[in-house]
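Asker: sharing a model that was predicted from the sequence below.
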Amino acid sequence: MLNDLFIIDAHEDIAYHLSYFNRDFVNPSIPCMITLPWLKQGNVRLVFNTIFVPAEFKPHKTLEIALHQLSIYDRIYDEHNDDIFQVKNTGDLFRLQKDSRIGFLTLMEGADPIQEPKELNDFYERGVRIIGLTWNDQNQYASGNNTDSGLTKEGLELIKRMNDLRITLDLSHLNEKCFWEAIELCETIPIASHSNARSLTNHPRNLEDDQLRAISERGGVIGLVLYNHFLKTNCENPTCGEENRTTLEDIFAHGDYIINLCGEDHVGIGSDLDGAGVDDFPQDIHTIADLPKIGEFFLKKGYSEERVRKIMGGNFLRVLKENL
């Protein structure tokens with residue numbers, strides 16, 4: 001058992017869940033998967049904390065909700081500064097490796113709140129260091145998995161400005177046309193914060209082999225997403241039933257497939273916990289405190305300790321050191 005894993009989770013919808021369900025970060029009164037005590041218990045050292053505006057609030061409340069979620073994170077940094085701090089640069093990364101506190105690095109899931117590309121600097125100043133251009137829908141910059149269009153003129157401009165600020169491009173959720181257009185424009189190391197292999201589970205949110213290779217050839221990392229429906233075909237709760245719910249074996253299958261295709265330097269974890277209901281995730285993962293089980297399972301499958309450390313955090317840490 002690895003008790004000293006440096007775990008990075010590349011996708012946690014913390015502010016969305018706290019706000020949408022009006023719950024507490026420490027002592028929640030409703031079912032959830034992420035709390036501060038559970039993050040500490042799971043030895044999660046760095047979180048890509050998202051800004052995510054649900055489709056039902058677009059476009060009329062897009063900016064309002066995004067700013068509200070940023071204020072939630074600001075409050076967390078203030079109220080829990082003995083346990084959490086905001087990561088903005090490589091100095092913060094080095095401090096993180098010596099500090100016992102948990103780092104939060106902000107990822108914008110869907111660039112809708114950036115009303116024009118010239119406003120990108122405002123969000124950069126607030127700590128946004130990773131951006132996925134869109135969610136499943138279409139916005140002013142790009143199109144997601146439910147649509148067919150390519151990047152817009154504004155999308156091209158936004159990526160250029162992201163390059164200038166060295167903001168990491170997150171390719172998860174983009175449709176294939178946008179994926180290829182965006183990755184060709186990207187001048188930093190790209191990532192897919194929460195995506196699996198479409199060859200194993202044929203869902204549009206997962207990536208084809210050539211997409212996985214394109215990310216790895218540029219030094220990037222694919223974060224394994226733990227959502228049942230992206231791990232196993234015909235397993236979208238509640239229809240799949242408890243007996244068919246995914247397990248650590250399904251997580252391993254996607255990780256092992258991508259490693260055999262792309263190499264051990266290009267797989268990480270992007271759980272997406274609290275981005276859906278507690279029953280929408282593998283039966284072995286009850287809360288964020290269970291993330292170490294993934295590393296332990298990979299060890300049992302014969303993976304070396306060095307390889308497991310890369311998967312559980314080292315690979316994403318390498319990308320951040322290059323990009324920030």
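Answerer: The structure has been received and is ready for your questions. Residues are numbered from 1 along each chain as shown.
Asker: next structured bit after the longest helix along the chain?
Answerer: Here the longest helix in the chain is taken by residue count, with DSSP state H as the criterion, and it is helix 62-79. Next in sequence after helix 62-79, counting helices and strands by DSSP states H and E, comes strand 84-86.
Asker: which strands or helices does that next one pack on?
Answerer: Where contact means 3 or more CB pairs under 8 Å, 6 or more residues apart in numbering; DSSP states H and E, strand 84-86 is packed against helix 62-79, helix 90-98, strand 102-109. For every residue, glycine as well, the C-beta is placed using N, CA and C.
Asker: which of these sits most buried?
Answerer: The highest mean neighbour count among those belongs to strand 102-109 (a mean of 24), with neighbours defined as mean count of other CB atoms under 10 Å.
Asker: name the helices or strands packed onto it?
Answerer: Right, strand 102-109 is packed against strand 7-12, strand 44-52, helix 62-79, strand 84-86, helix 90-98, strand 128-132 by 3+ CB pairs under 8 Å, 6+ apart.
Asker: worst average pLDDT in those?
Answerer: By mean pLDDT, the lowest-scoring of the helices and strands packed on strand 102-109 turns out to be helix 90-98, with a mean of 94.
Asker: list of residues touching that helix?
Answerer: With CB atoms under 8 Å, 6 or more residues apart in numbering as the test, helix 90-98 has contacts from Phe6, Arg45, Leu46, Phe85, Gln86, Val87, Gly103, Leu317, Leu320, Lys321, Leu324.
Asker: if you set the cut-off to 10 Å instead, what comes out?
Answerer: For helix 90-98, contacts defined as CB atoms under 10 Å, 6 or more residues apart in numbering pick out 6, 8, 45-46, 85-87, 89, 99, 101-103, 105, 317, 320-324.
Asker: so for Met1, what pLDDT did the model give?
Answerer: Note on Met1: pLDDT of 61.
Asker: got it, and Asp148?
Answerer: Confidence score, pLDDT, at Asp148: 84.
Asker: state the distance from Asn121 to Asp164.
Answerer: As judged by CB to CB, to the nearest Å, Asn121 and Asp164 stand 10 Å apart.
Asker: do the same with Tyr77
Answerer: If you go by CB to CB, the gap between Tyr77 and Asp164 works out to 26 Å.
Asker: please apply the same query to Asp250.
Answerer: Computed as CB to CB, the Asp250 to Asp164 distance reads 40 Å.
Asker: more neighbours: which of the two?
Answerer: Asp250 (22 against 12; other CB atoms under 10 Å).
Asker: what secondary structure does that one sit in?
Answerer: What DSSP: H, G, I helix; E, B strand; the rest coil gives for Asp250 is helix.
Asker: so how far is His11 from the nearest residue to it once chain neighbours are set aside?
Answerer: What sits nearest to Asp250 in space, not counting adjacent residues and going by CB to CB, 6 or more residues apart in numbering, is Leu231, at 4.3 Å. As defined by CB to CB, Leu231 lies at a distance of 14 Å from His11.
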